[in-house]
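Trainee: Coordinates only, no sequence provided:
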């Protein structure tokens, strides 16, 4: 006499099929569980080994002299790492990286000497140190605001490019950018390039930029040459931000950073007066990246018009052995007959024979103010050149 209904199934725990399948599942999972347990055991052992090894490694003995530097992109400090190991230490800059670089790592009798050049932004600079057989360590340098203006020309020393490689990089990029825009169709050029000063501002700013990644696309250039960028600082990450051009007279003061003394815009006259210095009125003194400045008086209005041309020298885009200049004429004419002007690229010989003598770059031309060089390229004779 049964107590359940006909055809009723046994509960799962009494069902032989379920018990068999569960045992099979356990047997199948057993190797996986053992593998996980083995990996966990090995990981714990490895961590324990690393902890013991780290405890047994030596603390790194080092010192920093001096520990405080002006944020001028030129001053340097020395880190002395005392170790008997012949393996060179690993050294890297982190934190407030702008312009700070490891200049040299040298072997000395009691260890290693690392020379670090300061950056241009105030703050704490961290240098990571790793030497064989020693625990990793960090050295810290404090960079303080610097208001020195060695020439009293209004340009702070932290903007001057102290390393020869940086000055050469700036010159190459400046002239390449200006000449590259000449070869671009007018409709493909940045709309900001509408006169001589605008071309100069554009090439100056972009010559100080980081030229990696999508930089060329950001200014609509079809290509970018394989040239080194300036390392001391890169636009717009400077203590002055994007305001690179001085627009007021006087030597540099710390207050200039925030009172409108430096702006992103400067006309031809302002570029000449407050951002460059004279080299001479002999065109033979010009180097690539220098400016030729002209002042044309207008007798009918009493006003003066200033014009700048960029000395390119030998072209790197279309080399032919001749020396070139490049400039934008700015708007031509007035009223309904006015045109936006054009970019031009005469040879030095062409300009010396220009039909209008007031545009010839010769000392006998009173309208020719001379060859001008950027203040950021200015350096004192006693300054060490890296």
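Mentor: Yep, that arrived. Only a predicted model underlies this, so the values are computations on that prediction, with no experimental measurement involved. Numbers count the residues shown, from 1 in each chain.
Trainee: Quick check: residue 345 vs residue 84, distance?
Mentor: In this view, residue 345 and residue 84 are 62 Å apart by C-beta to C-beta, to the nearest Å. In this view, the C-beta of every residue, glycine as well, is placed from N, C-alpha and C.
Trainee: higher neighbour count, the two?
Mentor: For residue 345 versus residue 84, neighbours defined as other C-beta atoms under 10 Å are more numerous around residue 345 (18 against 7).
Trainee: List the contacts of the more buried one.
Mentor: 179, 182, 312, 324, 325, 326 (C-beta atoms under 8 Å, 6 or more residues apart in numbering).
Trainee: Run through the helices of the protein in chain order.
Mentor: Counting by DSSP state H, the segments of the chain that form helices are 16-56, 164-183, 196-207, 215-218, 268-275, 348-352.
Trainee: Of the ones you listed, which shows the lowest average pLDDT?
Mentor: Lowest mean pLDDT within the helices of the chain: helix 16-56, a mean of 55.
Trainee: Tell me if I'm right that residue 63 and residue 80 touch.
Mentor: Yes - using C-beta atoms under 8 Å, residue 63 makes contact with residue 80 at a distance of 5.1 Å.
Trainee: With neighbour numbers in mind, choose between the two.
Mentor: Using other C-beta under 10 Å as the criterion, residue 63 and residue 80 rank with residue 80 on top: 16 against 11.
Trainee: And for residue 339, the neighbour number?
Mentor: Residues near residue 339, counting by other C-beta under 10 Å: 9.
Trainee: got it, and the one 5 residues further on?
Mentor: When neighbours are defined as other C-beta under 10 Å, residue 344 has 14 of them.
Trainee: residues contacting it?
Mentor: By C-beta under 8 Å, 6+ apart, the residues touching residue 344 are 182, 326, 327, 328, 329.
Trainee: give me the beta-bridge partners of it?
Mentor: Beta-bridge pairing for residue 344 (DSSP bridges): residue 327.
Trainee: and residue 318, what pLDDT?
Mentor: So residue 318 comes in at 96 (pLDDT).
Trainee: Contacts only, for it.
Mentor: Each residue near residue 318 by C-beta under 8 Å, 6+ apart is listed here: residue 183.
Trainee: Backbone dihedrals for it, please?
Mentor: Residue 318 adopts backbone torsions of phi -130, psi 80, taken as degrees, to the nearest 10.
Trainee: Any figure for the gap between it and residue 182?
Mentor: 10 Å.
Trainee: Likewise for residue 373?
Mentor: 22 Å.
Trainee: Next: residue 169.
Mentor: From residue 169 over to residue 182 the distance is 21 Å, taken as C-beta to C-beta.
Trainee: what does residue 137 give?
Mentor: Separation of residue 137 from residue 182 (C-beta to C-beta): 53 Å.
Trainee: What is the longest strand of the protein by residue count?
Mentor: Once the chain is assigned using DSSP state E, the strand that runs over the most residues is strand 304-314.
Trainee: So which elements touch it?
Mentor: Packing partners of strand 304-314 (3 or more C-beta pairs under 8 Å, 6 or more residues apart in numbering; DSSP states H and E): helix 164-183, helix 196-207, helix 268-275, strand 291-297, strand 323-328.
Trainee: backbone phi and psi for the spatially closest residue to residue 202 that is not a sequence neighbour, please?
Mentor: Spatially, and ignoring its direct neighbours in sequence, residue 202 is nearest to residue 193 (5.6 Å; C-beta to C-beta, 6 or more residues apart in numbering). The phi and psi torsions at residue 193 (degrees, to the nearest 10) take the values phi -80, psi 90.
Trainee: quick one: contacts for residue 193?
Mentor: Going by C-beta under 8 Å, 6+ apart, residue 193 touches 181, 199, 202, 328, 343.
Trainee: That one and residue 329, how far apart?
Mentor: 11 Å.
Trainee: got any residues that touch both of these two?
Mentor: Here residue 193 and residue 329 have residue 343 as joint contacts, going by C-beta under 8 Å, 6+ apart.
Trainee: outside of stretch 305-315, which residues touch it?
Mentor: Residues outside stretch 305-315 that contact it (C-beta under 8 Å, 6+ apart): 174-175, 178-179, 196-197, 199-200, 203, 267-269, 271-272, 286-296, 298, 321-327, 330, 345, 351, 371.
Trainee: Name the residues of it that are buried.
Mentor: If you call a residue buried by 16 or more other C-beta atoms under 10 Å, then stretch 305-315 has these buried ones: 306, 307, 308, 309, 310, 311, 312, 313, 315.
Trainee: Which pLDDT value goes with the fifth one?
Mentor: Looking at residue 310, its pLDDT stands at 98.
Trainee: Who's the closest spatial neighbour of the residue nearest the centre of the chain, skipping the chain neighbours?
Mentor: Note on the chain: the residue nearest the mean C-alpha position is residue 234, at 2.7 Å, using C-alpha atoms, centre = their mean. Distances taken as C-beta to C-beta, 6+ apart put residue 210 closest to residue 234, at 4.6 Å, once the chain neighbours are dropped.
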